[in-house]
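Undergrad: Need the 3D shape of this:
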Amino acid sequence: MPGGRLTQPERQQIALGLADGLAYAEIARRLGRPTSTITREVMRNGGPTAYRADLAHRATEHRAQRRKQAAPRGQQAPPQAHGRDPEAVRAYEEVFTTVLIETGTPKMMARVLTCLYTSDTGSLTASELVQRLQVSPASISKAVAFLESQDLVRRERDERRRERYVVDDDVWYQSMMGSARGTARLAATARQGVGVLGPDTPAAVRLENIARFVDFVSESIARAADQAREVLHTQPETPSDGTA
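TA: Model (predicted):
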């Protein structure tokens with residue numbers, strides 16, 4: 001039923017829809033489900049090319065069983081800060097992770113980023129990430145190394161000399177500038193090919209057009225990031241009635 005867990009017949013319909021090349025939104029419409037439910041279901045069970053209804057159903061049952069084992073009867077999850085609904089937070093984190101995966105972020109890296117983005121401090125230790133994600137320290141270390149290489153997180157030491165992984169206000173700016181630098185390198189490399197292939201050849205013309213396009217995009221990214229940087233340090237305005 002809409003709003004409840006997906007049934008096995010619904011998962012079979014999802015698999016058929018994917019095989020027919022239907023968009024997530026269309027599959028969701030036919031099932032009477034939110035698009036985010038279908039997106040999350042597919043992405044956490046192999047993606048659109050590897051999704052299998054029977055495997056997805058068994059995996060979901062297995063995850064539910066593990067959650068029951070992790071939280072014995074009578075033991076409640078720790079309360080969320082600011083009176084947040086734990087189930088709503090968990091569902092939102094799954095959606096956010098799915099969106100990051102769809103943009104090309106590897107799954108474990110997306111999970112780590114989501115944890116950091118949704119923490120009030122914007123920073124967590126390796127042990128805190130291990131506890132929250134229920135994965136090995138090696139998985140966290142690998143994920144953080146990748147995210148650092150993309151300028152998406154940085155490391156710092158707290159007062160107890162523990163290493164913390166941080167997504168502060170400037171991380172997005174640094175990431176965008178890193179993207180602009182990478183795009184500029186692509187333009188320079190394309191122009192090298194012009195000289196190698198000969199300036200009047202079709203291949204060289206193609207590379208020169210690529211370089212011009214990429215140059216424009218790179219400069220636009222850097223300019224926009226510089227102009228918008230102050231937004232990252234601006235507190236949202238609060239209406240006069242005190243609601244955000």
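Undergrad: show me what contacts the spatially most central residue of the chain?
TA: Compute the mean C-alpha point of the chain, and by Cα atoms, centre = their mean the closest residue is L100, 2.1 Å away. Neighbouring residues of L100 by Cβ atoms under 8 Å, 6 or more residues apart in numbering: M109, A110, L113, T114. In this view, the C-beta of every residue, glycine as well, is placed from N, C-alpha and C.
Undergrad: That one and L116: what is the separation?
TA: Going from L100 to L116 by Cβ to Cβ, to the nearest Å gives 11 Å.
Undergrad: List the buried residues in the helix or strand hosting the residue nearest to the centre of the chain.
TA: Following DSSP states H and E, the helix or strand that holds L100 is helix 86-102. Counting neighbours by 16 or more other Cβ atoms under 10 Å, one finds that the buried residues in helix 86-102 are E93, E94, V95, F96, T97, T98, V99, L100, I101.
Undergrad: Off-centre distance for that helix?
TA: 9 Å (Cα atoms, centre = their mean, to the nearest Å).
Undergrad: Looking at the buried residues of helix 86-102, spot the one nearest E26.
TA: T98 (17.5 Å; Cβ to Cβ).
Undergrad: List the contacts of that closest one.
TA: T98 touches S36, T39, R40, M43, R44, counting by Cβ under 8 Å, 6+ apart.
Undergrad: Just give the number of residues close to the last one.
TA: Around R44 sit 18 other residues, with neighbours defined as other Cβ atoms under 10 Å.
Undergrad: sec struct for the residue lying farthest from the centre of the chain, please.
TA: Ranking residues of the chain by C-alpha distance from their mean position (Cα atoms, centre = their mean) puts D200 at the top, at 42.9 Å. With DSSP: H, G, I helix; E, B strand; the rest coil as the basis, D200 sits in coil.
Undergrad: Could I get the contacting residues of it?
TA: D200 neighbours (Cβ under 8 Å, 6+ apart): none.
Undergrad: Let me see the backbone angles for it.
TA: Here is the backbone geometry of D200 (degrees, to the nearest 10): phi -100, psi 10.
Undergrad: Can you give me the separation between it and V214?
TA: According to Cβ to Cβ, D200 stands 21 Å off from V214.
Undergrad: cool, T118 as well?
TA: From T118 to V214 the distance is 34 Å (Cβ to Cβ).
Undergrad: Sounds good, over and out.
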